[in-house]
Structures are given as structure tokens and as C-alpha cells.
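Trainee: turn this into a structure:
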Amino acid sequence: MADALFPALLGEQWHALATPVRRMHGDAPRVRAIGQADVAGASHLPARLLRRLLGLPEPGPAQPLELSIERHPGHETWTRRFAHGGMRSRLTRAPRGDRLHERLGPVTLHFELRRTGDAIDWQLRGGNLLGLPLPRMWFGSVLAQSGAQEGRYSFHIDTRLPLLGRLVAYRGWLEPSDG
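Mentor: Sure, this is the predicted structure:
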């Protein structure tokens with residue numbers, strides 16, 4: 001398990017996480033899960049275009065959600081299928097080794113992972129556009145948490161950008177699936 005992305009980044013904090021969180025972020029080569037998410041976001045044209053460019057879902061309540069995670073040496077590919085769009089990202093460990101990088105289209109976000117209670121708090125520390133570092137303030141505020149609620153994996157993501165407002169926010173739950 002030492003080579004698995006999340007356990008390696010969280011170190012000893014890994015063992016204090018809720019079971020559904022460890023199941024989702026562990027070392028299984030493949031994870032399939034189904035669930036539901038409420039998705040929100042600004043309705044103006046610039047936000048809609050940026051969501052499309054980054055492959056983010058469109059707003060809508062109680063959307064069915066399917067997730068597949070494929071783990072390979074050095075990276076994970078997360079594919080999320082919402083009722084109103086899909087989202088694919090590639091997660092890697094930063095070259096320095098202490099941060100998680102998540103690539104969404106032309107943007108790579110840099111997160112520091114911390115355990116908060118039995119959940120993971122993803123703290124945005126910076127990012128790149130097409131490989132070029134950008135000022136941290138351009139990425140606005142990102143709330144990202146992975147936890148457990150009622151025995152299921154739960155998540156809450158809320159991204160707000162300067163001048164655009166809420167780009168996308170989604171919260172919901174997932175349960176492992178055999179399919």
C-alpha cells in the first residue's frame with residue numbers, strides 16, 4: 001500500500017480515515033461506484049464555457065453519478081459520469097512528493113491533503129495552465145472534502161473564481177458497485 005497515491009501522501013493519517021474513504025482512495029487497481037450528486041454553478045456564459053473547457057458537469061439537482069477509478073503506477077484516472085455531463089481527471093503525486101496534482105483538461109491543480117477528523121481536506125495550494133504556473137489568486141477558492149456519511153463515501157466540492165463566481169459545486173455520495 002506504500003505506493004498507493006492517497007495512503008502515501010497522508011502517511012500515518014491514512015489509518016484514521018473512515019472506512020468508506022479508505023475504500024475509495026486505497027490501493028485497489030479499479031474502483032467502480034454509483035451514487036448521486038447535487039451540482040450547482042453560475043449560469044452566465046463565461047462560467048458555462050469554462051465548465052465545458054474543463055470537462056466539468058452542468059448544474060442540476062439529484063443527478064445520478066457513476067465513478068470509475070483506474071490506478072496505474074504513478075497515477076490514477078478518475079472518470080465521473082453525471083446526468084448532465086462527465087468529468088475526467090488524472091491524479092499524480094507532485095515531483096517533490098508532498099502534494100497531489102489533479103489535471104482537468106489544460107489545468108493542473110496542486111493540493112495539500114490533510115486529515116480532518118475521519119475525512120480528507122483537499123487544500124488548494126496552486127496550479128498551472130498548459131504547464132505554466134499561475135498566481136494562486138487566479139484559482140479563487142476551492143473547498144474540497146472527502147468523507148463518510150451514513151456509511152457511504154461522501155464528497156463536497158465548491159469552486160469559486162475571481163470575477164466569475166461559483167464555477168461548479170457538487171456534493172453527494174457514492175457506494176462501491178460490482179458493475
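Trainee: give the contact list for residue 39.
Mentor: 57-61, 63, 82, 84, 168-170 (Cβ atoms under 8 Å, 6 or more residues apart in numbering). Quick note: C-beta positions are derived from backbone N, CA and C, even for glycine.
Trainee: so which residues make contact with stretch 90-104?
Mentor: 5-6, 8-9, 54-56, 74-78, 87-89, 108-113, 122, 125.
Trainee: ok, the helix or strand of the chain with the lowest mean pLDDT: who's next to it in the sheet?
Mentor: When each helix and strand of the chain is scored by mean pLDDT, DSSP states H and E, strand 132-134 comes last, with a mean of 90. Applying DSSP bridges, strand 132-134 is found paired with strand 119-129 (antiparallel).
Trainee: buried sites along the partner strand?
Mentor: 119-122, 124-127 (16 or more other Cβ atoms under 10 Å).
Trainee: follow-up on the earlier one: hmm, which of the contacts of stretch 90-104 are the buried ones?
Mentor: Counted by 16+ other Cβ under 10 Å, these give 5-6, 9, 54, 56, 76, 78, 87, 89, 108-111, 113, 122, 125 as buried.
Trainee: returning to what we had before: closest to residue 47 among the contacts of residue 39?
Mentor: residue 168 (8.2 Å; Cβ to Cβ).
Trainee: what residue ranges in the protein score low on pLDDT?
Mentor: For the chain, applying pLDDT under 70 flags the ranges 1-2, 179.
Trainee: got the buried residues for stretch 28-48?
Mentor: 31, 33, 35-37, 39, 41-42, 47-48.
Trainee: ranges for the helices of the protein?
Mentor: With DSSP state H, the ranges of helices along the chain come out as 5-10, 19-25, 45-54.
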